[in-house]
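1. just a sequence and a predicted model for now, questions to come.
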Amino acid sequence: MQQTATPGQALAEHVPPLSAHEAIVEANRCLFCYDAPCTHACPTHIDIPRFIKKISTDNLIGSARTILDANLLGSTCARVCPVQELCEGACVLGSEHKPISIGRLQRYSTDHIRQRGIDVIHAGPATGKRVVVVGAGPAGLSCAGQLARLGHSVTVYEKRPLAGGLSTYGIIGLREPVDASLAEVEMIKRLGVAIETGHELGANLNLDDLLRSFEAVFLSVGLGATPALDIPGEEHIVDGLAYIEQSKIDPTAMHIGRNVVVIGAGNTAIDCATIAKRLGAESVTMVYRRTDREMTAYPHEYEFVKNEGVAFRFLTQPIAALELNGKLVGLKCLRMKLGALDASARPTSELIPDSDFILPADQVVKAIGQQKPAIAKKLGLATEKGYLKVDDNFMTSISKVYSGGDCIRSKGSASTVMAVQDGKLAAHSIHRSLY
């Protein structure tokens, strides 16, 4: 009799680690390009041929050092980066051969030192300068760690019980387990960074007090909550970020419907659909008001979730969540058609009158993005398209206050690796300002 997988097993890391033999064979496929395209394609500019060459000579500590020297969250990025669009997408072998598995090799090196408790990055000589970081997500941890490497005393304040931001709470365990994220948090703490949870700017933290106590402030506050759909019956709809969080923190306590509908077509929506399917839903359908050509999910994630058995209803707009005797029974929708291009150069979606229909559903999850950071208005910070506005040095409109990560991403797509690079560059800007 076949055993049913537990929730933890169903959501365990999808890509297996490389064996030592596999890693050596893969590393030796690399051409070790001069002025390598893969390094240019990496937002943190890891010297990829160098770290792979060290794997090929069995120098895994040196390989990990090369990675972490450029990207302190190299273990997370090895797991969650869209390598198909970045480093591996730029690999010269990709045009006629299979590109080098850069992400898996990076994970192989960083896991090697993590599993053995080896630290390859250390704090610099103390400068006596004090900097505070608000938010312990990827940008905040990267900034804090880089400042510690430069010798500064750093305190990180985080509102959640655990540090790590979306790496801990918001990225499906199939891609990054909680323990991998928390291991990087502990590495940053071993650099001498103090991380204090339960502290929120605007609640029990005051910016003026921070500016009096520290010589610079870095804001890594991320984005806000999932916006409201403003449709009847919305109180019966589950928030996608909370859905993913519970799947990572306590999957055994999750309620999964038989017929699940996920609203949205980004990577978060795909994660929600994957969770529902893997934890026992009989049918999972994703609904999106545009077509697959306009969806914001990465192409490889779209292919992955289709292989999971998830169905799609494109050109579909939810207009009401239907309930009977207090229980959700369906999602009322209207059919859509594409119209003129909007400000993002994507076609608008227009309602087709009298085209309503009902999708049966006993669970509906919304994953339609996140609201812009509300903290900007509270602090009187200048904004750009609703995001915190920063200059070329990552300084906000308030002197000595810097920012990075998703909260400043008014241009381009938000990602973990871009947040890590923001934190690193901002740390160097802060360092220069202290002298």
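-> Yep, it's here.
2. off-centre distance for stretch 43-52?
-> 20 Å (Cα atoms, centre = their mean, to the nearest Å).
3. and for that stretch, what's in contact with it?
-> 27, 30, 32-33, 36, 38-39, 42, 63-64, 66-67, 70-71, 74, 77, 86-87, 100, 102, 105-106, 109, 415, 417-418, 420-421, 424 (Cβ atoms under 8 Å, 6 or more residues apart in numbering). No exception for glycine: its C-beta is placed from N, CA and C like everyone else's.
4. kindly report the same for stretch 418-433.
-> Contacts for stretch 418-433 (Cβ under 8 Å, 6+ apart): 43-44, 71-73, 77, 131, 137-147, 150, 152, 216, 218, 220, 393-395, 400, 402-406, 408-409, 412.
5. count the neighbours of the closest residue to residue 143 other than its chain neighbours for me.
-> Nearest non-adjacent residue to residue 143, counting by Cβ to Cβ, 6 or more residues apart in numbering: residue 423, 3.6 Å away. By the criterion of other Cβ atoms under 10 Å, residue 423 has 30 neighbours.
6. from start to finish, how long is stretch 395-402 in a straight line?
-> Stretch 395-402 has an end-to-end distance of 4 Å (criterion: Cα to Cα, to the nearest Å).
7. mean confidence for it?
-> Taken as a whole, stretch 395-402 has a mean pLDDT of 98.
8. remind me, longest strand of the protein?
-> If you go by DSSP state E, the chain has its longest strand at strand 327-341.
9. starting at the chain centroid, how far to that strand?
-> On Cα atoms, centre = their mean, the centre of strand 327-341 falls 28 Å from the chain's centre.
10. what's it in contact with?
-> Against strand 327-341 from outside (Cβ under 8 Å, 6+ apart): 233, 236, 257, 261, 263, 287, 289-291, 313, 315-323, 347-352, 355-364.
11. filter those to the buried ones?
-> Listed as buried from the contacts of strand 327-341 are 233, 236, 257, 261, 263, 287, 289-290, 315-318, 320-322, 347, 349, 359, 361-364; burial here means 16 or more other Cβ atoms under 10 Å.
12. the helix or strand that the longest strand of the chain is followed by: partners in the sheet, and parallel or antiparallel?
-> As assigned by DSSP states H and E, the chain's next helix or strand after strand 327-341 is strand 347-351. Paired with strand 347-351 in the same sheet, following DSSP bridges, are strand 327-341 (antiparallel).
13. by mean pLDDT, point me to the weakest helix or strand of the protein.
-> helix 7-10 (a mean of 88; mean pLDDT, DSSP states H and E).
14. what are the buried residues along it?
-> Buried-residue list, helix 7-10, by 16+ other Cβ under 10 Å: 7, 10.
15. pull it out as CSV, backbone CA atoms only.
-> Presented in CSV, the C-alpha positions along helix 7-10 are these (Å, rounded to 0.1, in the frame of the first residue of the first chain):
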residue,chain,number,x,y,z
PRO,A,7,2.8,18.0,4.4
GLY,A,8,6.5,18.4,5.2
GLN,A,9,7.5,15.8,2.6
ALA,A,10,5.1,17.2,0.0
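16. got the contact list for it?
-> So helix 7-10 is in contact with 247, 251-252, 254, 278-279, going by Cβ under 8 Å, 6+ apart.
17. now do stretch 293-309
-> Counting by Cβ under 8 Å, 6+ apart, 82, 84-85, 265-267, 269-270, 273-274, 277-278, 284, 286, 288, 292, 312, 346-347, 413 sit against stretch 293-309.
18. give me the below-cutoff pLDDT ranges for this structure.
-> 1-4 (pLDDT under 70).
19. in it, where's the longest helix?
-> helix 416-433 (DSSP state H).
20. what are the buried residues along that helix?
-> 416-427, 429-431.
21. quickly list the domain ranges of the chain.
-> Listed by automatic domain parsing, the domain ranges of the chain are 17-116, 130-224+372-433, 234-366.
22. would you turn those into CSV with distance to residue 11?
-> Shown next, in CSV, are the domains of the chain (distance: least, Cβ to Cβ, whole Å):
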stretch, distance to residue 11
domain 17-116, 14
domain 130-224+372-433, 4
domain 234-366, 6
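23. quick one, which of these gets closest to residue 6.
-> Among the domains of the chain, the nearest to residue 6 by Cβ to Cβ is domain 234-366 (7.6 Å).
24. dump the residue contacts of the nearest residue to residue 292 once chain neighbours are set aside.
-> Nearest residue to residue 292 in three dimensions, chain neighbours excluded: residue 314, at 6.2 Å (Cβ to Cβ, 6+ apart). Shown in contact with residue 314 (Cβ under 8 Å, 6+ apart): 287-288, 290-292.
25. what's the closest non-adjacent residue to residue 363?
-> residue 257 (2.7 Å).
26. which element, helix or strand, includes the one you found?
-> Short version, using DSSP H and E: residue 257 is in no helix or strand.
27. from residue 110, how far off is it?
-> 37 Å (Cβ to Cβ, to the nearest Å).
28. so where do the strands sit in the stretch 101-250 of the chain?
-> Assigned by DSSP state E, counting those that start in this stretch, the strands in the stretch 101-250 of the chain fall at 130-134, 153-158, 194-197, 216-219, 238-239.
29. in its sheet, what does the shortest one sit against?
-> Read it as strand 238-239. Here, using DSSP bridges, strand 238-239 pairs with strand 363-366 (parallel).
30. pull the contacting residues for residue 280.
-> Residue 280 neighbours (Cβ under 8 Å, 6+ apart): residue 256.
31. doesn't it belong to a helix?
-> No - under DSSP: H, G, I helix; E, B strand; the rest coil, residue 280 sits outside any helix and is assigned coil.
32. how close does it get to residue 7?
-> Taking Cβ to Cβ, one finds residue 280 at 9 Å from residue 7.
33. burial count for residue 415?
-> Residue 415 has 21 neighbours, counted by other Cβ under 10 Å.
34. quick one: the helices in the stretch 1-150 of the chain?
-> Taking DSSP state H, counting those that start in this stretch to define them, one finds helices in the stretch 1-150 of the chain at 7-10, 20-27, 37-41, 48-56, 60-70, 74-80, 87-90, 102-116, 138-149.
35. meant to ask about the stretch 201-350 of the chain
-> Under DSSP H, counting those that start in this stretch, the stretch 201-350 of the chain gives helices at 207-213, 240-249, 267-278, 299-307.
36. adding mean neighbour count and distance to residue 164, write these out as CSV.
-> Shown next, in CSV, are the helices of the stretch 201-350 of the chain (neighbours: other Cβ atoms under 10 Å; distance: least, Cβ to Cβ, whole Å):
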stretch, mean neighbour count, distance to residue 164
helix 207-213, 13, 22
helix 240-249, 20, 10
helix 267-278, 26, 16
helix 299-307, 15, 21
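37. please identify which of the ones you listed is closest to residue 123.
-> Using Cβ to Cβ, these put helix 207-213 closest to residue 123, at 20.7 Å.
38. I appreciate the help and will end here.
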